[in-house]
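Peer 1: have a look at this prediction, sequence included:
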Amino acid sequence: MKSTPLAKWSDRQIEEIVGGLLQIGVSLSAFVVLVGGGIYLARHAFAVADYRRFQGEPLDFRTVKGVLQAVRELRGKGIIQLGLLLLIATPVARVAFSIWGFAEERDRMYMAFTVIVLSILLYSLLGSSH
């Protein structure tokens, strides 16, 4: 099956795809956070919060591997963290789709700019912690 080049698509169609991608990403993220919040509240509804001492996130929630392990264990905080990761991934996916769209249109200049933007995004998310 041969794919139809995007060059035959209108800018409006590409904008609709990008808009749909963003809507799906945000909606999915909100749903996952809501599920995680429900699980967390069901298990910790009557826990007393101690605001006198700051408690950062545990180490297992600071890596994708740790978040996925918490999700497998059906821990509410882990599911909430997954929803937040999905929310962060949504604009990254939008930029990646834009690279593909510009490549299909053979628009090398915008493709190059978008690759630079994606590189900066990925570096800020993955490479700047060292």
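Peer 2: Looks like it arrived, so ask away. Remember, predicted model here, so these are calculated numbers, not experimental data. Residues are numbered from 1 along each chain as shown.
Peer 1: centroid residue for this structure?
Peer 2: Ala89 (2.0 Å; Cα atoms, centre = their mean).
Peer 1: check contacts around that one.
Peer 2: With contact set as Cβ atoms under 8 Å, 6 or more residues apart in numbering, Ala89 has these partners: Gly25. In this view, the C-beta of every residue, glycine as well, is placed from N, C-alpha and C.
Peer 1: name the helix or strand for it, please.
Peer 2: helix 76-104 (DSSP states H and E).
Peer 1: any chance you could map the strands in the protein?
Peer 2: Applying DSSP state E to the chain gives no strands.
Peer 1: residue ranges for the helices of it, please.
Peer 2: 11-44, 64-72, 76-104, 108-122 (DSSP state H).
Peer 1: dump these into TSV; add mean pLDDT and distance to Phe54 as well.
Peer 2: Listed next are the helices of the chain as TSV, based on pLDDT from 0 to 100; distance: least, Cβ to Cβ, whole Å:
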stretch	mean pLDDT	distance to Phe54
helix 11-44	91	18
helix 64-72	91	20
helix 76-104	91	16
helix 108-122	92	29
